[in-house]
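Visitor: Fold the following and give me the result.
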Amino acid sequence: MVNKFFAFFLVLILINFKSFGSNSTQVSVITIGPYEKELYSAFGHSGIRFWDSSNGIDYFYNYGIFDFDQPNFYLNFLHGKLLYKVGKYNYKSAEAFYKSQNRFIKEQILDIDDNDKMLLFKYLEENVQPENSSYLYNYIFNNCATKIRDVLFSVFQERVEFKSEGEGMSFRSLMDLYLKKNEWGDLGIDICLGSSIDVEASNLDQMYLPDYLFTGLEIATLDNKKLVNETLTYIPDYNEYNQSIFSPKLIFIIVLLISIYISFRQIKYGLKYKYFDLILFCGSGLIGLLIIYLWGFTDHLSKNNFNILWASPINFILPFLFSRETHKKWFIIYVIFYIAVLISLLILWNFIPQNLNQNVLIITLSMILRLASNIIYINRNEIIYN
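Guide: Sure thing, here's the model as predicted:
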């Protein structure tokens, strides 16, 4: 019954569409600037506007909607199987919302004839129907920006051509451009996502970022003519985002300085620092468990993650073994081997196929110091047996 009603409604609109004139009807791709206060909005947003003044239509088609009604929403989110959906809103309401967040808005008015407008409108209206609206989200390959690129391909097929060239940057490097003021978010992404995002993004691939979709559309063609007829831009009052003074670099440098100080005291005075080691190694061990989980049990882009070299899940038990008065020889051999792995990681830093976060280097130095200091302490003061 719902499908019949939709079909009837769409037929009525398309009949009226015959009277739509090029001056009263326009289709635009909307690019919204980043919102740095939320990590998921830090890369910007894209949508499609369909406007017809003669019929009182001004729709905003948004492919970036969380579908909270889906079964097991949070479990799906954790497993990387989250469903997003496309929705239709009043454009002016959407515009007012984004302006309230002090985000720029760029509108690219497409130079397409009435027949193409009708085809695009029909496609979008079919997409927003409940049975068609949901899609399996992927933050690189299937998001609000790539969906718009794919909509244009689906409607116009080989008639549309994106002529922009790739910039020779990886997916991760492109992300980093937007996370300079969100260092904790950048660190989290760099730890959780593996080497699969360190490959070079093509000109089409880089359109997973709304700004690059915008750039691609600027020089795209339809039937060998420029696709974009006019670009309108709204620039808000400058509103600088104040990042936290407690950056990862500051925190990790403090940890490194403490590691240097207590390692010196441990070697010189024979002191143990159980609680510091507990925080350092259990923390890195928990990160390692998270990496293993994301790698093996989810659909996130977390496979082949070289962070596992420093964030080993075995780290979780190290402080408890260090606190014992006697130690097996195999444990000493393992710790020495692990120190060698960490030193090798630092030496080969620029050669591994994953761009590790620079803050990892600092925390790795801290771990090497604490591991070496504990081994020296054990050899001097405690019993080692086979």
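
Visitor: For the residue nearest to V151 when sequence neighbours are not counted, report the pLDDT, please.
Guide: Setting aside the residues directly before and after it, V151 is nearest to Y123 in space (CB to CB, 6 or more residues apart in numbering), at 6.5 Å. From N, CA and C alone the C-beta is placed, and that goes for glycine too. Confidence at Y123, expressed as pLDDT, is 97.

Visitor: I'd guess Y123 is in a strand, am I close?
Guide: No - applying DSSP: H, G, I helix; E, B strand; the rest coil, one finds Y123 to be helix, outside a strand.

Visitor: Contact partners for it?
Guide: Applying CB atoms under 8 Å, 6 or more residues apart in numbering, we find Y123 in contact with V151, S154, V155.

Visitor: Looking at the residues you listed, spot the one nearest G185.
Guide: Minimum distance to G185 across the contacts of Y123 is 28.8 Å, recorded for V151 (CB to CB).

Visitor: Wasn't the closest one part of a helix?
Guide: Yes - if the criterion is three-state DSSP, then V151 is within a helix.

Visitor: gap between it and L119?
Guide: 11 Å (CB to CB, to the nearest Å).

Visitor: which one of these two has more residues nearby?
Guide: Set V151 next to L119 and count neighbours by other CB atoms under 10 Å: V151 wins out with 19 against 15.

Visitor: which residue ranges form the helices in the stretch 101-250 of the chain?
Guide: All helices of the stretch 101-250 of the chain, identified by DSSP state H, counting those that start in this stretch, fall at 114-127, 144-156, 171-176, 183-192, 210-218, 248-269.

Visitor: Burial-wise, tell me which of these comes out on top.
Guide: Ranked by mean neighbour count, these are led by helix 210-218 with a mean of 22 (mean count of other CB atoms under 10 Å).

Visitor: Could I get the CA-only coordinates of that helix as CSV?
Guide: Output in CSV follows, covering the C-alpha atoms of helix 210-218 (Å, rounded to 0.1, in the frame of the first residue of the first chain):
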residue,chain,number,x,y,z
PRO,A,210,33.5,16.4,1.1
ASP,A,211,36.1,19.0,0.2
TYR,A,212,37.6,16.7,-2.4
LEU,A,213,34.2,15.8,-3.8
PHE,A,214,33.7,19.6,-4.1
THR,A,215,37.0,20.0,-5.9
GLY,A,216,36.2,17.0,-8.2
LEU,A,217,32.8,18.5,-9.1
GLU,A,218,34.4,21.9,-10.0
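
Visitor: Would you check how far apart N72 and L136 are?
Guide: Distance from N72 to L136, by CB to CB: 14 Å.

Visitor: ditto for L227
Guide: L227 is 28 Å from L136, by CB to CB.
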